[in-house]
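**Student:** Coordinates for the following, if possible.
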Amino acid sequence: MTDSTIIYTQTDEAPALATYSFLPVVEAYASTAGVAVESRDISLAGRIIAGFPERLAENQRIEDALAQLGELAKTPQANIIKLPNISASIPQLKAAIAELQEKGYALPDYPDDPQTDEEREVRARYDKVKGSAVNPVLREGNSDRRAPASVKNYAKANPHRMGEWRADSRTNVAHMDGDDFRSTEKSVVLAKDGALRIELHGDDGSTTVLRESVPVQAGEVVDAAVMRVAALREFLSAQVERAKAEGVLFSVHLKATMMKVSDPIIFGHTVRAFFPQTFATYGDKLAAAGLTPNDGLGGIFKGLESLPEGDKIKASFDAELAQGPDLAMVDSHRGITNLHVPSDVIVDASMPAMIRTSGHMWNKDDQEQDALAVIPDSSYAGIYQAVLDDCRANGAFDPATMGSVPNVGLMAQKAEEYGSHDKTFEIPATGTVRVLDDEGELVLEQAVGEGDIFRMCQTKDVPIQDWVKLAVTRARATGDPAVFWLDETRAHDKNLIAKVREYLPLHDTEGLRIEIMSPAEAMKFSLERIRRGENTISVTGNVLRDYLTDLFPIMELGTSAKMLSVVPLINGGGLFETGAGGSAPKHVQQLVKENYLRWDSLGEFLALAVSFEHLANKTGNARAQILADTLDRATGTLLNENKSPSRKLGSIDNRGSHFYLALYWAQELAGQTEDAQLAQAFSGLAKTLAEQEQTIVEELLAVQGSPADIGGYYQPSPEKAAAVMRPSKTFNEALASLS
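**Tutor:** Numbering: from 1, shown residues only. Got it, this is the predicted structure:
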């Protein structure tokens, strides 16, 4: 590849299907500026296949595109457009493996309880694929997420519906007050480069090496924390009783995809706490059958069908379900509860949805109801309680008048909790976990009990310096206050505060308002300003970056998919993310059922424009800048003309929005005056698309209402998916004429 190459990632679900429709437009338009657009497969299926080359036929093997892009992200040439991907939970991973096996890939099953060296090696390969396998590899820079002016203005002029809030709402957040990750956290700043070793020293005198070597750098912040399982179980049982006593829905909100080791375990303890008698009576039988609460009720209920006592065990679950508090539902029509699948209720998406819907979730009767949102770790749970309290006092937010909360997020080089997966362990025996340096000196230690969850996190110094610089840059560019969401009473944050105070004086901050506040106080401050229509830059760590860049956009814009997400890579390249996946699975289900894709590609349009702009600035390619500028204007027209995908069958869907974007973009290019030759090149296409608008729209609408065959969920057939996503012969021929 060259400096004039854009990498467009192939991912999963609705975004991947939309790519079959939109990428041909991108390739055709980019070619007129001498810009090459290449695709790389970082889908869940692709990552699985790349992990087992020796088991596959030669024509089935593919390169490890994620590893290649990870190396590219460290170079100045990087220009990567990254679409949302599946952060796979174990049930999703198993489903993807099964689909690929059915297609003839000789992949091994996922070993739940590996007993042999071979099974442990297979498990280790799959563990590299599940959870947040993609983002930590590509994010060699910090995050700059904000709502573009055109998107924000459209949201104000066309406010989405917000549920009414009542002062007597009983919806609340519940979190632990001790013995969780936040309260047990210890943190140090390392003085020199080297490596750390993590060992479990058992009370029985044994020593188990948990991680042989973890490379570290001078100035790096290293944390060690433990979630104590006895306290967790006591807390969860108390919340089940609290929800029943208060007459509200019980719901647990975790991040079982990104926190792929710790949170599925916590989810499993939640399932146990809701069904204590069933697990006391039948827990051993369930375990012997390989049915674990960590995978949720869905996996257990399916497995019960083949057990001799399956009916009796299912009856026990049903009895406790009837006796306990009402459970929040994911799909009341199909009986899918909050505890069915660990990846169904993801905190950063589920909590904003609750807040937007009057603080309600859905009950088994498909009715809205107040809920108790259980977020066990207290690190960030308080931010959501602050929002609930604000809505109780002041009512729902008004998208027509509210301000914005853009984010500068510390995430480069696997920063903080999201980089802890390979250093997170369910402790097998009581003892002490010790973190030692390469000279055998003690760095950190934590007393642990059997079943406790230990994790070690790293945050390197160079990303912290870059984060502070980016915060000042955004504050200077906008004039808005910038608030570092850091709590001086938390061990990790205390070390970050010291570094922020060290690095801020290296930049020109004169006239800027830059504050440091605890997350709960920062939330209250930002909410006060947002209700006055004022903007506040949130400067946060990795997890809060994730939470806030769903929370505020969902309230402001109706979705986080409309955010501009730029990652200025530390070594000079650019990573341009296209928004969150959200309800991507439901979109695919609808496409397969009735050939209608509701997915909104606005995030791709926004990312592509800044990608062209980045390329123009790096290479001096004037035409790339024209493509960026005209695409921005075309996107504004798309919004103003209301040509985004509708929710209603019989209206334009994702494919229709791509056609209109192509039309408006061609018209902008034909009408621009900076490059006459480029204008001439697009004048014919603009004329054709305008004249054939009715024909093209009719061709796109004609396919709706009947099932669509895409040849697979996790690995669609390229031929079938392209046929489904490009049904307009007239539009396809017009694009081909430009090429």
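
**Student:** how is this structure carved up into domains?
**Tutor:** 5-133+148-160+557-738, 228-394 (automatic domain parsing).

**Student:** closest to Leu548 out of the ones you listed?
**Tutor:** domain 228-394 (8.0 Å; Cβ to Cβ). C-beta: built from backbone N, CA, C; applies to glycine.

**Student:** Endpoint to endpoint, that closest one covers what distance?
**Tutor:** 37 Å (Cα to Cα, to the nearest Å).

**Student:** Could you do stretch 74-87 as well?
**Tutor:** Start-to-end, stretch 74-87 (Cα to Cα) is 22 Å.

**Student:** quick revisit: with distance to Leu470, mean pLDDT and mean neighbour count added, can I get the domains of the chain in JSON lines?
**Tutor:** Putting the domains of the chain into JSON lines (distance: least, Cβ to Cβ, whole Å; pLDDT from 0 to 100; neighbours: other Cβ atoms under 10 Å) gives the following:
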{"stretch": "domain 5-133+148-160+557-738", "distance to Leu470": "7", "mean pLDDT": "94", "mean neighbour count": "19"}
{"stretch": "domain 228-394", "distance to Leu470": "21", "mean pLDDT": "95", "mean neighbour count": "20"}
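
**Student:** possible to save these as TSV with distance to Gly141?
**Tutor:** As requested, the domains of the chain are exported to TSV (distance: least, Cβ to Cβ, whole Å):
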stretch	distance to Gly141
domain 5-133+148-160+557-738	4
domain 228-394	18
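
**Student:** quick one, which of those domains is nearest to Phe181?
**Tutor:** That would be domain 228-394 among these, by Cβ to Cβ, at 4.9 Å.

**Student:** got the CA positions of the strand or helix carrying Ala195 in PDB?
**Tutor:** In the assignment (DSSP states H and E), Ala195 maps to strand 194-202. Taking Å, rounded to 0.1, in the frame of the first residue of the first chain, the C-alpha atoms of strand 194-202 are listed here in PDB:
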ATOM      1  CA  GLY A 194      11.500  -4.200  32.300                       C
ATOM      2  CA  ALA A 195       9.100  -7.100  32.700                       C
ATOM      3  CA  LEU A 196       6.600  -8.200  35.400                       C
ATOM      4  CA  ARG A 197       5.800 -11.600  36.600                       C
ATOM      5  CA  ILE A 198       2.400 -12.500  38.200                       C
ATOM      6  CA  GLU A 199       2.400 -15.400  40.700                       C
ATOM      7  CA  LEU A 200      -0.200 -16.900  43.000                       C
ATOM      8  CA  HIS A 201       1.300 -17.900  46.300                       C
ATOM      9  CA  GLY A 202      -1.100 -20.400  47.900                       C
END
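
**Student:** quick revisit: nearest to Arg476, out of the domains of the chain?
**Tutor:** domain 5-133+148-160+557-738 (14.8 Å).

**Student:** for the closest one, the distance to its chain's centre please.
**Tutor:** Relative to the chain's own centre, domain 5-133+148-160+557-738 is displaced by 16 Å; criterion: Cα atoms, centre = their mean, to the nearest Å.

**Student:** Between its first and last residues, how far does that domain reach?
**Tutor:** Using Cα to Cα, the two ends of domain 5-133+148-160+557-738 sit 19 Å apart.

**Student:** cool, and stretch 84-98?
**Tutor:** Termini of stretch 84-98 sit 22 Å apart (Cα to Cα).

**Student:** Identify the residues contacting Ala400.
**Tutor:** Lys156, Ala157, Pro159 (Cβ atoms under 8 Å, 6 or more residues apart in numbering).

**Student:** Check what pLDDT it gets.
**Tutor:** As summarised for this prediction, Ala400 has a pLDDT of 96.

**Student:** that older thread, which ones among the contacts of Ala400 map onto helices?
**Tutor:** Lys156, Ala157 (DSSP state H).

**Student:** quick check, nearest of the contacts of Ala400 to Ala191?
**Tutor:** Lys156 (50.8 Å).

**Student:** returning to that earlier point: what strands line up against whatever helix or strand comes next after the strand holding Ala195, and which way round?
**Tutor:** The helix or strand immediately downstream of strand 194-202 is strand 207-216, counting by DSSP H and E. Its sheet considered, strand 207-216 pairs with strand 194-202 (antiparallel) by DSSP bridges.

**Student:** The partner strand - what's its average pLDDT?
**Tutor:** In the prediction, strand 194-202 has an average pLDDT of 98.
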